[in-house]
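In: My questions concern the predicted model and sequence given below.
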Amino acid sequence: MIAIIDYGAGNIRSVQNTLKRLGVDSTLTNDPALLMQADKVIFPGVGEASFAMNQLRQYELHRVIPSLTQPVLGICLGMQLLCHFSEEGGIQTLGVFDTNVKAFKPILNVPHMGWNSCTPENSVLFRGIDPTNDFYFVHSYYAELCAETIATCDYILPFSAALQKDNFYGVQFHPEKSADIGATLIQNFLEL
Amino acid sequence: MLKKRIIPCLDIRDGRTVKGINFEGIRDAGDPIELAKRYVEEGADELVFLDITATNDKRKTMCSLVEKIAAEINIPFTVGGGISSLEDARAVIQAGADKVSINSAAIRRPELIREIADPFGKQCVVVAVDIKEIDGDWYVFSNGGRQSTGLNAIEWCRKVATFGAGELLLTSMNSDGTKAGFSLEITDRIAREVTIPVIASGGAGSTQDFAQLFTQTKASAGLAASIFHYREVAIPQLKTELKQLNIPIR
């Protein structure tokens, strides 16, 4: 069973729709027991970090998510919440990835919005994907580069387009909104 | 490198795609879902759906259509038309829209921009601004371009950005439907006034018009409707030609 964490923040249905198009059933849930049983967990998110953290706390998910042992994919805000600290609201986040989330300085337009390429390192998540492929990004905050960065994007400055630590994966872009190339990445995650 | 976006816009009335000229004289342009799927296949970067009658008819946006669109397409899309409260926005986002576009409601009550941006993030909030040049100055119009607000276009766009909009959808009423090119000068002035992306709309008739938009202004995206609906400009060919001009295009 694929579980999609439903914590009342943003557009999560698009992730479920993408899975459906790949022929995969999924469950939207905020139930810790269901999340722990799932084969894989997708942690989506569009929205504001402190609002989202409050939602997670309501359902005890701030304790459950970091303790998961199956493959977990954080998307956009989901990835950022897996980092240590976010300048968005100035809050401690879940602390899985050893990096912090900062606000873009508006040297160029903020949000960073639209299709951009990234340079993936050798990761199964990016199998069949190369630096000429574009993903859809929409974000005003970014995760700093760190040892767990598995793909780098350059906008205003180089930042983490994807992170991985043990069973935890995170992508800053929206694979569920990145046409066929995004579906390839999600398929790679499902095959882990 | 961040790419310039090509955005087909589908004006929706009673569940059908329609197209008017200079905001009037509506004609039918087909089934929105079929059209949307065709655009995704052709390489459109994003889609915008505007319920053009919603504001005047006081109707709420079409959530069931939004659900169907979300099930079918895998690129981002914006939904607008008649969104006048946080609850309206929430309904459309929960139906599957990535962004909501607000226009007249933001003019009536600019705080609405922040009310939607707070829970959903500013990237969810597109503020559509319909502008018209009168005696050398640009002014904002509301209610589908029918009502003059007296607001100065540049000042309003600046204000919208400070109220927390994630993006501006700027339509030049003077150019809309003319196929004579975007209103380049005002688009560039506004795009330089704000640090959020500007989608230029109104006037696209050819590849050359998009080329000028992306080389002569700071706009992040170009939006058009009928030229794509009726295949006067084919998106794959448009994107190939823009790439040949070294414009960053997906």
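Out: Great, that's in hand.
In: Stretch B:66-83 close to chain A?
Out: Yes: for stretch B:66-83 and chain A, the contact criterion (Cβ under 8 Å from any Cβ of the partner chain) is met by B:70-71, B:74-76. Every residue, glycine included, has its C-beta placed from N, CA and C.
In: Selection in ChimeraX covering whichever of the residues you listed are buried, please.
Out: Of the residues of stretch B:66-83 next to chain A, the buried ones go into a single ChimeraX selection, burial set by 16 or more other Cβ atoms under 10 Å in any protein chain shown:
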select /B:70,74,75,76
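In: Can you give me the buried ones in the longest helix seen in chain A?
Out: Identified as the longest helix of chain A according to DSSP state H is helix A:179-190. Buried residues in helix A:179-190, counted by 16+ other Cβ under 10 Å: A:179, A:181-190.
In: which other helices and strands contact it?
Out: Contact partners of helix A:179-190 among helices and strands, from 3 or more Cβ pairs under 8 Å, 6 or more residues apart in numbering or on different chains; DSSP states H and E: helix A:13-21, strand A:40-43, strand A:134-139.
In: All the helices of chain B, in order from the start?
Out: For chain B, applying DSSP H gives helices covering B:32-42, B:54-57, B:63-72, B:86-94, B:104-108, B:111-120, B:153-162, B:184-193, B:207-216, B:226-229, B:235-244.
In: okay, those helices in JSON lines with distance to A:Y136 next?
Out: Below are those laid out as JSON lines (distance: least, Cβ to Cβ, whole Å):
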{"stretch": "helix B:32-42", "distance to A:Y136": "12"}
{"stretch": "helix B:54-57", "distance to A:Y136": "27"}
{"stretch": "helix B:63-72", "distance to A:Y136": "15"}
{"stretch": "helix B:86-94", "distance to A:Y136": "17"}
{"stretch": "helix B:104-108", "distance to A:Y136": "25"}
{"stretch": "helix B:111-120", "distance to A:Y136": "17"}
{"stretch": "helix B:153-162", "distance to A:Y136": "22"}
{"stretch": "helix B:184-193", "distance to A:Y136": "21"}
{"stretch": "helix B:207-216", "distance to A:Y136": "19"}
{"stretch": "helix B:226-229", "distance to A:Y136": "20"}
{"stretch": "helix B:235-244", "distance to A:Y136": "16"}
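In: if you compare these, which one is most tucked away?
Out: Ranked by mean neighbour count under mean count of other Cβ atoms under 10 Å in any protein chain shown, the helices of chain B are led by helix B:226-229, which reaches a mean of 22.
In: Assess the claim that B:D51 and B:M62 are in contact.
Out: Yes: between B:D51 and B:M62 there is a contact at 5.9 Å, judged by Cβ atoms under 8 Å.
In: between these two, who's got more neighbours?
Out: Neighbour totals were compared for B:D51 and B:M62, and B:D51 leads with 26 against 22 (other Cβ atoms under 10 Å in any protein chain shown).
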